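S.K.: starting from these lines, generate the structure:
(chains A, B, C and D)
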There are 2 protein chains.
Amino acid sequence: MKTLKSAGPELLMLEKTAEMKTNQWVYQLLRTNLLCGKIAPGIPLTIRGLAEVLGVSPMPVREALHRLACEGAVEAKNNRRVIVPMMTAEKFSELCELRILLEAHAAEKALPFIREQDIANLERIDTLVDQAVEQGDVESASLHNQDFHRSLYSANPYQIVVPLIESLWLQLGPFSRIAISKLEKIYIVDRHAEAIEALKQQNSFGLRRAIEADIRDGIASIKTVEGIHNYFQGVA
Amino acid sequence: MKTLKSAGPELLMLEKTAEMKTNQWVYQLLRTNLLCGKIAPGIPLTIRGLAEVLGVSPMPVREALHRLACEGAVEAKNNRRVIVPMMTAEKFSELCELRILLEAHAAEKALPFIREQDIANLERIDTLVDQAVEQGDVESASLHNQDFHRSLYSANPYQIVVPLIESLWLQLGPFSRIAISKLEKIYIVDRHAEAIEALKQQNSFGLRRAIEADIRDGIASIKTVEGIHNYFQGVA
DNA sequence: ATCTAATATTTGTGATCACAATATTCTATC
DNA sequence: GATAGAATATTGTGATCACAAATATTAGAT
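M.R.: From the prediction side, this is the model:
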């Protein structure tokens, strides 16, 4: 049986800062690795195995795995095995549709709360995305892109939808990264710029369109990736 | 300070069946009590306190509370206190909008997968709702109503959206119950019947409309409840 | 050599303990 | 009497252990 331990410590490590609690560190670390696709679908994740690799007690790992299962990032089988779920074409399609549905709604709901400083902040983040893409820093680009979306939606103080959206991102796993990495720079800049322009004009419909297009561009770019089909049906 | 323990063991108890694991029992019990509104907003929930009331070790309670926090049913403050979140008018409104958005989508996506036996099953569940409402059994009516919606959406085997919807129900907490309890019987029957009729005719648009109307009816009925404003802003 | 049964290992869960951080209560001072 | 500070109690977290269930491995029989 192939396990994570036998597959080698292929985990991307995050350094644990002092003020950070262990459970948060483990959670963030596993979350990041799942989003990167570092942990292949089908490989069983065990509490003790991960605890040993990370050098912590099983307790924080237990907690993090439960939370990730709750968010849909990992799947708790009834054999009481925890694995990274397989991706299927249908599941991928449904996740993308839900992203568009929820993020367009979230953007529209955030619009009335957007102040000048929020727009300035979004422009700053967009610059960071731009720079990261230019430098080919996929990790940063993906991170800042998510930050752009989250910052926009979070302008609405009555927040229900952002956690739901983040759950979708988690379930999309490595695909959100792939989208960013393969995307021509101009696309991202365009869509984000369009969104910012719509914000300035208080143009609700334009904002929806910009966000929807941003997501669709990402999806379209994924389909151009060579050998992307290997990511489906669990073939790592 | 008013705590759960000092407030008395006002918890609605579920009996723990043998094949049920302790953590599931605790989770279901707390979940049910939150949906009933048995636990008032603002009251701090402590691991040890609940463990003592339930007669279990702190460990399953710790797990259940973390999961409920992840689902938005309880709120983990940074003081590391866990409380039932307050309901505000804006939050309530946003939750209802998201319910309509997601459930209409879910219904539409389920439609192509609906078989004859699914329709028969939905009709059976609807009868149960009907009976429960007739007998004034709010608990059963609420349960069967949720079952109706969940069964409909779950016909789609590529399920992403149902957990998101269930999270919304949890965050709406006691309100979903109130809606059922105060609703004139005829309304529910009508909307569910409309939905079933649309299913039979493979009428996607009609199905959306029926589901949306069903949810809106519930919301409308809530607003007629005497003293409903006490449920907002945390006044228990 | 292959299939089955028994053994051994691994795994998740639940319980208990230690500890640091937070909250609460008590006390001294003005 | 009110307020600030100290002492006390409570809480969540992390670690370790015991145990039952599930898996993996081995032994035996045909």
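S.K.: can you list the weak-confidence ranges in chain A?
M.R.: Chain A contains residues with pLDDT under 70 at A:1-9, A:183-189, A:225-228, A:230-231, A:233-236.
S.K.: residue of it nearest DNA strand C, please.
M.R.: Using C-beta to the nearest atom of the strand, the closest approach of chain A to DNA strand C is made by A:Ile47 at 3.3 Å. Just so you know, the C-beta spots here come from the backbone N, C-alpha and C atoms, and that holds for glycine as well.
S.K.: and that residue, how far from A:Thr22?
M.R.: 14 Å (C-beta to C-beta, to the nearest Å).
S.K.: sticking with A:Ile165, tell me its helix or strand.
M.R.: helix A:161-172 (DSSP states H and E).
S.K.: what residues sit buried inside that helix?
M.R.: A:161-162, A:164-172 (16 or more other C-beta atoms under 10 Å in any protein chain shown).
S.K.: so the residue of chain A closest to DNA strand C touches A:Val61, yeah?
M.R.: Yes. Counting by C-beta atoms under 8 Å, A:Ile47 does reach A:Val61; the two are 5.0 Å apart.
S.K.: so for these two, which sits in the more crowded spot?
M.R.: A:Val61 (26 against 18; other C-beta atoms under 10 Å in any protein chain shown).
S.K.: does chain B have contacts with the helix or strand harbouring the more buried one?
M.R.: Under the criterion of DSSP H and E, A:Val61 resides in helix A:58-70. Yes. Helix A:58-70 is in contact with chain B by C-beta under 8 Å from any C-beta of the partner chain, via A:63, A:66-67, A:70.
S.K.: what sits closest to A:Pro157 if chain neighbours are left out?
M.R.: A:Phe113 (6.7 Å; C-beta to C-beta, 6 or more residues apart in numbering or on different chains).
S.K.: so what does the residue of chain A found nearest DNA strand D have for phi and psi?
M.R.: Closest approach between chain A and DNA strand D, counting by C-beta to the nearest atom of the strand: A:Ser57, at 2.6 Å. Backbone torsions of A:Ser57, given as degrees, to the nearest 10, read phi -80, psi 160.
S.K.: show me how chain A divides into domains.
M.R.: Chain A is divided into the following domains under automatic domain parsing: A:22-83, A:89-234.
S.K.: centre of the chain versus the last one, how much separation?
M.R.: Distance of domain A:89-234 from its chain centroid, counting by C-alpha atoms, centre = their mean, to the nearest Å, is 10 Å.
S.K.: just the first one next, same as before
M.R.: A distance of 16 Å separates the centroid of the chain from that of domain A:22-83, by C-alpha atoms, centre = their mean.
S.K.: end to end on that domain, go ahead and measure it.
M.R.: Terminal residues of domain A:22-83 are spaced 22 Å apart (C-alpha to C-alpha, to the nearest Å).
S.K.: just give the nearest non-adjacent residue to the residue positioned nearest the centre of chain A, would you?
M.R.: The centre of chain A sits closest to A:Trp169, judged by C-alpha atoms, centre = their mean, with a distance of 3.9 Å. Excluding its sequence neighbours, the residue lying closest to A:Trp169 (C-beta to C-beta, 6+ apart) is A:Ser176, at 5.6 Å.
S.K.: tell me which element the one you found is part of?
M.R.: Here A:Ser176 is assigned to helix A:174-182, by DSSP H and E.
S.K.: what's the angle from that helix to helix A:161-172?
M.R.: 80 degrees (axes from the mean of the first three to the mean of the last three C-alpha atoms, to 10 degrees).
S.K.: and helix A:174-182, what other elements does it pack with?
M.R.: Packing partners of helix A:174-182 (3 or more C-beta pairs under 8 Å, 6 or more residues apart in numbering or on different chains; DSSP states H and E): helix A:22-36, helix A:138-153, helix A:204-223.
S.K.: list the strands paired with the following helix or strand past the first one, with their directions.
M.R.: Later in the chain than helix A:22-36, the nearest helix or strand by DSSP H and E is strand A:44-45. Neighbouring strands of strand A:44-45 in its sheet, by DSSP bridges, are strand A:82-83 (antiparallel).
S.K.: how about the strand it pairs with, does it reach DNA strand D?
M.R.: No. Figure legend: strand A:82-83 not in contact with DNA strand D (C-beta under 7 Å from any atom of the strand); closest approach 11.7 Å.
S.K.: what's that strand in contact with?
M.R.: With contacts defined as C-beta atoms under 8 Å, 6 or more residues apart in numbering or on different chains, strand A:82-83 is touched by A:41-46, A:65, A:69, A:74-77.
S.K.: of those, just the buried ones, PyMOL syntax please.
M.R.: To isolate the buried subset of those in PyMOL, counting by 16+ other C-beta under 10 Å, use the following:
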select buried, chain A and resi 41+43+45+46+65+69+74+75
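S.K.: can you list the residues of chain A near DNA strand C?
M.R.: Counting by C-beta under 7 Å from any atom of the strand, chain A sits next to DNA strand C at A:3, A:45-49, A:58-59, A:62, A:66, A:80-82.
S.K.: how does it look with 10 Å?
M.R.: Residues of chain A found near DNA strand C (C-beta under 10 Å from any atom of the strand) are A:1, A:3-6, A:18-19, A:21, A:44-52, A:57-59, A:61-63, A:65-66, A:69, A:76-77, A:79-83.
S.K.: ok, of the residues you listed, which come out buried?
M.R.: A:4, A:45-47, A:49-51, A:61-63, A:65-66, A:69, A:82-83.
S.K.: what sits closest to A:Arg115 if chain neighbours are left out?
M.R.: A:Ala155 (7.9 Å).
S.K.: neighbours around that neighbour, how many?
M.R.: 21.
S.K.: from what I can see it touches A:Phe113, true?
M.R.: Yes. Contact status for A:Ala155 versus A:Phe113: in contact at 4.4 Å, counting by C-beta under 8 Å.
S.K.: which elements pack onto the helix or strand harbouring A:Ala106?
M.R.: Assigned by DSSP H and E, A:Ala106 belongs to helix A:89-110. For helix A:89-110, the elements it packs on are helix A:138-153, helix A:161-172, helix A:204-223, helix B:89-110, helix B:161-172, judged by 3+ C-beta pairs under 8 Å, 6+ apart.
S.K.: moving C-terminal from it, which element do we reach first?
M.R.: Per DSSP H and E, helix A:89-110 leads on to helix A:116-134 as the next helix or strand towards the C-terminus.
S.K.: buried set for that next one?
M.R.: The neighbour-count check on helix A:116-134 (16+ other C-beta under 10 Å) flags A:118-119, A:121-122, A:125-126, A:128-130, A:132-133 as buried.
S.K.: quick one: contacts of stretch A:84-91?
M.R.: A:34, A:39-43, A:45, A:72-75, A:171, A:173, A:175, A:231-234, B:158, B:160.
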